[in-house]
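Chemist: Quick one, fold the following:
(2 chains)
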Amino acid sequence: MTEPERPSDFIRDVVAEDIRAAKYEKIVTRFPPEPNGYLHIGHAKSICLNFGIAREFVGICNIRMDDTNPAKEEAEYVESIMTDVRWLIEGWADNHLGGAPFYASDYFDKFYEYAVDLIRQGKAYVCDMTPEETDAYRRLGKASGFRDRSVEENLDLFARMKAGEFPDGARTLRAKIDVNAANVWLRDPVLYRIRHASHHRTGDKWCIYPMYDWAHTLSDYIEGITHSICTLEFEVHRSLYDWILDALELPEPRPHQYEFARLNLTYSVMSKRKLVQLVNEKLVNGWDDPRMLTISGLRRRGVTASVLRAFAYNIGITKYPSMTDMALLEHTMRDEFNRTATRRLAVLRPIKVVLTNYPEGKTEQLEAINNPEDANAGTRKIPFGRELYIERNDFMETPPPKYFRLKPGGEVRLKYAYIIKCDEVVKDGAGNVIERRCTVDLDSKSGGPTAGRKVKGTIHWVSAADAIDAEVRLYDRLFSVPEPDSGGDFKSFINSGSLEVVNAKCELALAGARPEERYQFERLGYFALDPDSTGEKQIWNRTITLRDTWAKEAKKS
RNA sequence: UGCCUCGUGGUGUAAUGGUAGCACAAGAGAUUCUGGAUCUCUUUGUCUAGGUUCGAGUCCUAGCGAGGCAGCCA
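Modeler: Numbering: from 1, shown residues only, chains lettered A, B, ... in the order given. From the prediction side, this is the model:
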């Protein structure tokens, strides 16, 4: 799927209109993650939106760590976030990155000055109520007993809060708005709380920390953000966002907040809390487990940044809390890889075939096409010999109807090679087939003058004498139900078959495989080299299977 | 309960008062040295009831349904 120049949605419509009206000199968006976890595909949607707008409207997009809560944030996460964002926008919108990254914590001094200003204007006060009291009063629409403290007293108390005179939770700074407001976020929201905690960047300099609304609004203003785009749950915060800008009498141009629906995908969970659980309880192998829909997991699995960007375009931007079908993500992968992946032959679950009328010790080099979708991809040679491996499920002793693969007495074409016929099966003492003895039709060689004879099935194979061994990790959806989130313990819906490890036989050309290249193992799926691979041992991750209409057909009966 | 927002095929989206379209999924067929890809065709939709208008998915009113918020988290 080629990426269009400019997708259309209600937010881009606003941006386009603001440009038409010359409301801003330059469009500035931002991506503001809290560094308390790894980025996932839902963040990718937001990154593509914000950087996409910057790119399409010739603006910039700031990455800003929203690090206002020292209890939850760590430098490790900053690293992973930057790696993931850079990877996702590389070669696409990286020259629209506005000097990255920014940190809300760099603005703590400014936030403090703005707070003092607010107090001076009589628009904020220090409140001594406990969290429980604050909560109860807010529900009742009742004013705090500390609401009418004098400006001088508020100034003094706030300074002493900053100086560390009070323990955690003893006091807060609250905006003085309207204790009875219909929107509870306007019922004198807390602006600062006391936390004697060490911050990953500011260390022990501060013991008061700004709340989200205060920090976020002012960060946007300080950075000259024009369009502050967030998810739906912040909708009710918008009037507080605007109140802060008004109360401080900040001059135009001011930022405006817009909200869109976060991504939900079937067969997955998206909340950071649940992803943390999967990691901490070792239900997956870390944040970058290829089954995780984290950006790092998807990357490791073999998904490319361009696939994620195309997907972000495919799903669109709306305010409707939708549930996107995982099949759409999978389709987007196949769509790209079909055009770009290098074809190779590999046998995942090898079984042996002996060609009884083919000379022992003889090897032929057969020509194979690297990518039928790309004429420039060229060809390669594959060795062929008397003993071969074929896929276990490409042979059946007693096959169902419409089975086009190898069966006793039946014929099948070996891709890029010959038509073979299965004459005999050799069994061990337990009655298991251990070897298939076949004869080759030497007139049927692919590309040869008499190759025209048709048989119904074509299968892949690898020459036993020339095969290389590799570990292949076969990944599937992490959850076995469409909505693991919808009730009960989501962990009980984990797909027990989401990872299967096999020892495969691969064609020789795969020895030179490169990690950044995508491969199609013909008839099987798309694969990428795992970073755990070494010079001695390749490890492959299956990114996604090919569409398999036979599997569907077989399931019917 | 209060406040906010949102309802277009199974799913995701488009149509900015003027022919309800696209993609995914599903189904049928053609083709194929990948049961892939490609091509053709098919099924399925504007939450309900009123109103405004020559004309409503779009505007208005009411209802119904869904989601979000009600942390000293973000």
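Chemist: Checking the spatially closest residue to A:F234 that is not a sequence neighbour next. Helix, strand or coil?
Modeler: Leaving aside its sequence neighbours, A:F234 sits nearest to A:E259 (CB to CB, 6 or more residues apart in numbering; 5.9 Å). Quick note: C-beta positions are derived from backbone N, CA and C, even for glycine. Three-state call for A:E259 (DSSP: H, G, I helix; E, B strand; the rest coil): strand.
Chemist: List the contacts of A:E259.
Modeler: A:I229, A:C230, A:T231, A:L232, A:F234, A:E235, A:R238, A:K319 (CB atoms under 8 Å, 6 or more residues apart in numbering).
Chemist: and it, what are its bridge partners?
Modeler: On the basis of DSSP bridges, A:E259 is bridged to A:C230.
Chemist: Against RNA strand B, how distant is A:R405?
Modeler: Look at A:R405 and RNA strand B: by CB to the nearest atom of the strand, to the nearest Å, they are 5 Å apart.
Chemist: what does A:W206 give?
Modeler: For A:W206 relative to RNA strand B (CB to the nearest atom of the strand), the value is 12 Å.
Chemist: Look up phi and psi at the closest residue to RNA strand B within chain A.
Modeler: With CB to the nearest atom of the strand, the shortest gap between chain A and RNA strand B falls at A:S446, namely 2.2 Å. The phi and psi values for A:S446, taken as degrees, to the nearest 10, are phi -60, psi 130.
Chemist: check contacts around it.
Modeler: Contacts of A:S446 (CB under 8 Å, 6+ apart): A:L366, A:E367, A:R413, A:K415, A:Y416, A:A417, A:Y418.
Chemist: ranges for the helices of chain A?
Modeler: Counting by DSSP state H, chain A has helices at residues A:10-20, A:41-56, A:75-89, A:108-120, A:131-140, A:151-163, A:212-222, A:238-247, A:272-280, A:295-301, A:305-315, A:326-340, A:549-556.
Chemist: For those, give me a markdown table that also has distance to RNA strand B and mean neighbour count.
Modeler: A markdown table is the format used below for these (distance: least, CB to the nearest atom of the strand, whole Å; neighbours: other CB atoms under 10 Å):
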| stretch | distance to RNA strand B | mean neighbour count |
| --- | --- | --- |
| helix A:10-20 | 4 | 15 |
| helix A:41-56 | 10 | 23 |
| helix A:75-89 | 12 | 18 |
| helix A:108-120 | 11 | 18 |
| helix A:131-140 | 4 | 13 |
| helix A:151-163 | 11 | 16 |
| helix A:212-222 | 3 | 23 |
| helix A:238-247 | 8 | 18 |
| helix A:272-280 | 9 | 15 |
| helix A:295-301 | 17 | 24 |
| helix A:305-315 | 4 | 21 |
| helix A:326-340 | 4 | 18 |
| helix A:549-556 | 4 | 10 |
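Chemist: Output those helices in JSON lines; the columns should cover mean pLDDT.
Modeler: Formatted as JSON lines, those follow (pLDDT from 0 to 100):
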{"stretch": "helix A:10-20", "mean pLDDT": "94"}
{"stretch": "helix A:41-56", "mean pLDDT": "97"}
{"stretch": "helix A:75-89", "mean pLDDT": "96"}
{"stretch": "helix A:108-120", "mean pLDDT": "98"}
{"stretch": "helix A:131-140", "mean pLDDT": "95"}
{"stretch": "helix A:151-163", "mean pLDDT": "98"}
{"stretch": "helix A:212-222", "mean pLDDT": "98"}
{"stretch": "helix A:238-247", "mean pLDDT": "97"}
{"stretch": "helix A:272-280", "mean pLDDT": "94"}
{"stretch": "helix A:295-301", "mean pLDDT": "98"}
{"stretch": "helix A:305-315", "mean pLDDT": "97"}
{"stretch": "helix A:326-340", "mean pLDDT": "98"}
{"stretch": "helix A:549-556", "mean pLDDT": "85"}
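Chemist: Can you tell me which of those helices is nearest to A:A509?
Modeler: helix A:326-340 (17.1 Å; CB to CB).
Chemist: which secondary structure elements does that closest one contact?
Modeler: Helix A:326-340 is packed against helix A:305-315, strand A:525-529, strand A:538-545, with contacts defined by 3 or more CB pairs under 8 Å, 6 or more residues apart in numbering; DSSP states H and E.
Chemist: What helices and strands are in contact with the shortest one?
Modeler: Counting contacts by 3+ CB pairs under 8 Å, 6+ apart, strand A:525-529 packs against helix A:326-340, strand A:519-521, strand A:538-545.
Chemist: 7 Å instead?
Modeler: strand A:519-521, strand A:538-545 (3 or more CB pairs under 7 Å, 6 or more residues apart in numbering; DSSP states H and E).
Chemist: got the CA coordinates for the longest one in CSV?
Modeler: The C-alpha trace of strand A:538-545 is given here as CSV (Å, rounded to 0.1, in the frame of the first residue of the first chain):
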residue,chain,number,x,y,z
GLN,A,538,20.3,-18.4,12.3
ILE,A,539,17.1,-17.7,14.1
TRP,A,540,14.1,-16.6,12.1
ASN,A,541,10.9,-15.0,13.2
ARG,A,542,7.8,-15.6,11.3
THR,A,543,6.3,-12.1,10.9
ILE,A,544,3.0,-13.3,9.3
THR,A,545,1.8,-16.3,7.4
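Chemist: List the pairing partners of that strand within its sheet, with orientation.
Modeler: Using DSSP bridges, strand A:538-545 pairs in its sheet with strand A:468-475 (parallel), strand A:525-529 (antiparallel).
Chemist: Can you get me a residue count around A:S8?
Modeler: Counted with other CB atoms under 10 Å, the neighbours of A:S8 add up to 11.
Chemist: State the distance from it to A:T318.
Modeler: 11 Å (CB to CB, to the nearest Å).
Chemist: Show me the beta-bridge partners of A:C422.
Modeler: A:C438.
Chemist: Show the pLDDT at it.
Modeler: On pLDDT, A:C422 comes in at 97.
Chemist: To what extent is it buried, counted in neighbours?
Modeler: A:C422: 19 neighbours (other CB under 10 Å).
Chemist: Am I right that it is in contact with A:C438?
Modeler: Yes. The pair A:C422 / A:C438 is scored as a contact, 5.0 Å apart, by CB atoms under 7 Å.
Chemist: Pull the residues that contact the helix or strand of chain A with the lowest mean pLDDT.
Modeler: Within chain A, no helix or strand scores below helix A:549-556, which has a mean of 85 by mean pLDDT, DSSP states H and E. Applying CB atoms under 7 Å, 6 or more residues apart in numbering, the contact partners of helix A:549-556 are A:P400, A:K402.
Chemist: Recalculate using a threshold of 10 Å.
Modeler: A:N393, A:P400, A:P401, A:K402, A:Y403, A:F404, A:R405, A:R523, A:T545, A:D548 (CB atoms under 10 Å, 6 or more residues apart in numbering).
Chemist: Show me which pair in those residues is furthest apart.
Modeler: A:P401 and A:T545 (23.6 Å).
Chemist: Write out the residues of the stretch 301-450 of chain A neighbouring RNA strand B.
Modeler: For the stretch 301-450 of chain A, the residues found near RNA strand B under the criterion CB under 7 Å from any atom of the strand are A:314-325, A:327-328, A:330-331, A:334-335, A:338, A:343, A:371-373, A:402-405, A:413, A:415-417, A:444-447.
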